[in-house]
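1. Just a sequence and a predicted model for now, questions to come.
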Amino acid sequence: MKIEVRQLTKRYKNQFALNDVTFTLEGPKIYGLLGRNGAGKTTFMDILAGNIFQTSGDIFINGEKPFDNRNVQANVCLIKEGDNFKKEWKVKEVVRLYGFFYPNFDQQLAAFSLKTYNLNPNAKVKTLSKGMESALGITVGLASKAPITIFDEPYIGLDAAARKQFYDVMLQEYENEKRMIIFSTHLIDEVSLMFEEVLILQQGKLALQKSADVLREKTISVTGPTEKVQKFVSDKQVISKKEFMGMMTAYIFGNRQEAEGQGLEAQSIPTQDLMIQLTEKEREDSHEAII
Ligand SMILES: Nc1ncnc2c1ncn2[C@@H]1O[C@H](COP(=O)(O)OP(=O)(O)OP(=O)(O)O)[C@@H](O)[C@H]1O
């Protein structure tokens, strides 16, 4: 599957939820879509799933526009953090309806997942706890086998053990049959090892798109006397810098050994820290994407 996003903009009155973003996603791959509150993640996922229409720009899924397009929508399953299903539906009706809509829907996997999460097929959605409703979302999202499966904070209310079950089944399913999974979450440290590529949105702009391997190997923090650090980073891509009492820490794309060879302290940066550094206030106006 190929998703082409071209100068995509969504504006609500004076508020830009997405502001002229351009990028391409090509699967099968597990994408992490990250960003602070209000960065535009849900808006993007809603446009991708054909739920809402952009103000300007284009989005193509394998060359077709998703809005009001049944062909495309049958290939895209979006599970949000809540209110995915009508409250009056029974669990088994949700599974049946998703089964009708998604051509590759895996009934066996759905039944297995319902059992795993102790979900009673005859229970109405309105009687489920928050965590149980999330488990139902996860169940139909995974069982949909949609070529583009999107999870937008899908596990509100799920405890750590239940989240781990979800990750395990998701990875197992992905191993069995690869597809494009777009995963948006604030629990970044918990899932970042699953990502194959990371996108970070900041105030409706794309701040970063990089393969997870590159991020793991090449993003480092370098600490030492300010002058020495300044000199070391002068020819490198700098994510952010902080200075305190003659010492500087710079977050950069670079080589750890090279920094250590020059007597600087170097550490790799966890994805969550990277997101925080990239979206710090000082960077807000620069809108310089790292792609
Ligand atoms: N229906 C709407 N009407 C007005 N403004 C909206 C609407 N939906 C989103 N916005 C605004 O667009 C911006 C992006 O919102 P969005 O929900 O896409 O962010 P997000 O990255 O998903 O945030 P979060 O991590 O908090 O879920 C925010 O400023 C939000 O207030």
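-> Cool, the structure landed.
2. For Met180, see how far away the residue positioned nearest the centre of the chain is.
-> Geometric centre of the chain, nearest residue: Leu33, 2.4 Å, by C-alpha atoms, centre = their mean. As for Leu33, its distance to Met180 is 12 Å (criterion: C-beta to C-beta, to the nearest Å). Yep, even glycine has a C-beta here, placed from its N, CA and C like the rest.
3. Common neighbours of the two, please.
-> Common contact partners of Leu33 and Met180 (C-beta atoms under 8 Å, 6 or more residues apart in numbering): none.
4. Without its sequence neighbours, what residue ends up closest to Lys178?
-> Pro28 (3.5 Å; C-beta to C-beta, 6 or more residues apart in numbering).
5. list the contacts for that neighbour?
-> Counted by C-beta under 8 Å, 6+ apart, Pro28 has contacts Met1, Tyr174, Lys178, Arg179, Met180.
6. And it, how far from Ser113?
-> Applying C-beta to C-beta, the value for Pro28 to Ser113 is 21 Å.
7. can you tell me the average pLDDT over stretch 43-63?
-> For stretch 43-63, mean pLDDT is 96.
8. Report the buried residues of it.
-> 43-51, 54, 57, 59, 61 (16 or more other C-beta atoms under 10 Å).
9. And stretch 59-77, by the same measure?
-> Across stretch 59-77, burial judged by 16+ other C-beta under 10 Å covers Ile59, Ile61, Pro66, Val72, Gln73, Asn75, Val76, Cys77.
10. what about it, distance to the chain center?
-> Its chain's average C-alpha position is 19 Å from that of stretch 59-77, according to C-alpha atoms, centre = their mean, to the nearest Å.
11. Just the CA trace of it, in CSV.
-> Extracted in CSV, the C-alpha atoms of stretch 59-77 (Å, rounded to 0.1, in the frame of the first residue of the first chain):
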residue,chain,number,x,y,z
ILE,A,59,-4.2,12.4,0.0
PHE,A,60,-4.0,9.3,-2.2
ILE,A,61,-4.2,5.7,-1.1
ASN,A,62,-2.8,3.6,-4.0
GLY,A,63,-3.7,6.5,-6.2
GLU,A,64,-7.3,6.9,-5.0
LYS,A,65,-8.8,9.5,-2.7
PRO,A,66,-10.3,8.1,0.5
PHE,A,67,-13.2,10.4,1.2
ASP,A,68,-16.6,8.8,0.3
ASN,A,69,-14.8,6.0,-1.4
ARG,A,70,-16.0,2.5,-0.4
ASN,A,71,-13.2,0.8,-2.3
VAL,A,72,-10.5,2.6,-0.3
GLN,A,73,-12.3,2.5,3.0
ALA,A,74,-12.6,-1.3,2.8
ASN,A,75,-8.8,-1.3,2.9
VAL,A,76,-8.5,1.0,5.9
CYS,A,77,-9.5,0.2,9.5
